[in-house]
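Undergrad: could you look at this predicted model? Sequence included:
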Amino acid sequence: MIFEMRDVSFSYDGHTPIIQDISLRMERPGLYCIVGPNGVGKSTLVKCMNRILTPTSGEVLIDGRDIASMGSKEISERIGYVPVSSEICFSVPILDAILLGRHNKSRWRITERDIEMSNRAMETMGISDLAMRSCSELSAGQQQKVNLARGMVQETEMLILDEPTANLDVKHQVYVSELLRALAVQEGMIIVMISHDLNIAAKYSHEVIVMSKPGVIYSMGTPKEVFTEKMIMDVYDIGCRVIEDNGRPHMMWGSINTLW
């Protein structure tokens, strides 16, 4: 897959742009992390990637074809999506919630392949023992694992995840990040994830997209190229020392003296 955005802008009210003139290209399989402060349009950007939101201007293309000309089913067969916090409040078993991720493949007819993929995803996320538990009984961390499993079973060429490590403890943040990186390489997928943890993004991503105000891309490249002390100051307005850790940048934060 070759995924492109050309001069994409979006506004909720038709006047104030949330993102503006975004252009990017992804053609190599890998884990792409989108980082940036709160309110710079990261979630809006990924929703424009799969036409959850229709850009105010610009084009979004898959293999040179504008997704504006595609039906929802066709888009869902190419691009999977896991939202930031899919509240699972209804009382259905976890297995059924994960099977919803197979809707793009088999619609409403459940097949043996659907069950196989769902069981494999639950095993990968360590929730097989919860398969018949009601989703309404889950903790926030368990719900996030169900969300990730539902994304994994979609079997798409591109998978977008909005803060997939939210509500997870440190061990599972690392596990999920390693899993997504390995999945991208082994399956030849483009995986895009929003992350607020810059050190997670620096350690596991193949490429990083840095967004800044007012809804623009500050830089895009390898972690070593984009994670600089200047970028941290320009985008996050905080001092930082960037050191090298096993060939990857690692951020050591300064203090915000105004708080003390």
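TA: Sure thing, it's come through. Numbering: from 1, shown residues only.

Undergrad: where do the helices sit along the stretch 101-250 of the chain?
TA: Applying DSSP state H, counting those that start in this stretch to the stretch 101-250 of the chain gives helices spanning 103-106, 112-125, 140-152, 170-187, 198-204, 223-226, 229-231.

Undergrad: how about those helices in a markdown table, adding mean neighbour count and distance to residue 76?
TA: Glycine gets a C-beta too; all of them are placed from N, C-alpha and C. Converted to a markdown table, those look like this (neighbours: other Cβ atoms under 10 Å; distance: least, Cβ to Cβ, whole Å):
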| stretch | mean neighbour count | distance to residue 76 |
| --- | --- | --- |
| helix 103-106 | 16 | 4 |
| helix 112-125 | 17 | 15 |
| helix 140-152 | 22 | 12 |
| helix 170-187 | 16 | 17 |
| helix 198-204 | 22 | 26 |
| helix 223-226 | 18 | 30 |
| helix 229-231 | 14 | 35 |
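
Undergrad: contacting residues for residue 126?
TA: Contact criterion Cβ atoms under 8 Å, 6 or more residues apart in numbering gives residue 145 as the residues in contact with residue 126.

Undergrad: pLDDT wise, what is it at?
TA: What the model reports for residue 126 is a pLDDT of 88.

Undergrad: now do stretch 206-220: distance from first to last residue.
TA: Counting by Cα to Cα, to the nearest Å, you get 11 Å between the two ends of stretch 206-220.

Undergrad: what does stretch 154-163 give?
TA: Separation of the first and last residues of stretch 154-163 by Cα to Cα is 18 Å.

Undergrad: with stretch 200-209 instead?
TA: 14 Å.

Undergrad: what average pLDDT does it get?
TA: 97.

Undergrad: what are the phi and psi angles of the closest residue to residue 47 other than its chain neighbours?
TA: Excluding the flanking residues, the one nearest residue 47 by Cβ to Cβ, 6 or more residues apart in numbering is residue 53, at 4.3 Å. Main-chain torsions, residue 53, degrees, to the nearest 10: phi -120, psi 140.

Undergrad: then residue 80?
TA: Dihedral angles (degrees, to the nearest 10) for residue 80: phi -90, psi 160.

Undergrad: wait, what's in contact with it?
TA: 101, 104, 151, 154, 155, 156, 158, 159, 160.

Undergrad: just the pLDDT for the first one.
TA: Looking back up the chat, that one is residue 101. Confidence at residue 101, expressed as pLDDT, is 85.

Undergrad: so it sits right up against residue 153, yeah?
TA: Yes. With contact defined as Cβ atoms under 8 Å, residue 101 reaches residue 153; the gap is 4.3 Å.

Undergrad: shared neighbours, the two?
TA: With Cβ under 8 Å, 6+ apart as the test, residue 101 and residue 153 both reach residue 118.

Undergrad: you'd agree the residue nearest to residue 47 is up against residue 44?
TA: Yes. Using Cβ under 8 Å, residue 53 is in contact with residue 44, at 6.5 Å.

Undergrad: residues shared between the contacts of the two?
TA: Common neighbours of residue 53 and residue 44 (Cβ under 8 Å, 6+ apart) are residue 10.

Undergrad: which one of those two has more residues nearby?
TA: Comparing residue 53 with residue 44 by other Cβ atoms under 10 Å, the one with more neighbours is residue 44, at 20 against 17.

Undergrad: OK, contacts around that one?
TA: Residue 44 neighbours (Cβ under 8 Å, 6+ apart): 10, 18, 19, 53, 215.

Undergrad: re earlier: so for residue 246, which of the helices of the stretch 101-250 of the chain sits nearest?
TA: Of all these, helix 198-204 sits nearest to residue 246, with 8.4 Å by Cβ to Cβ.

Undergrad: brilliant, that's me finished.
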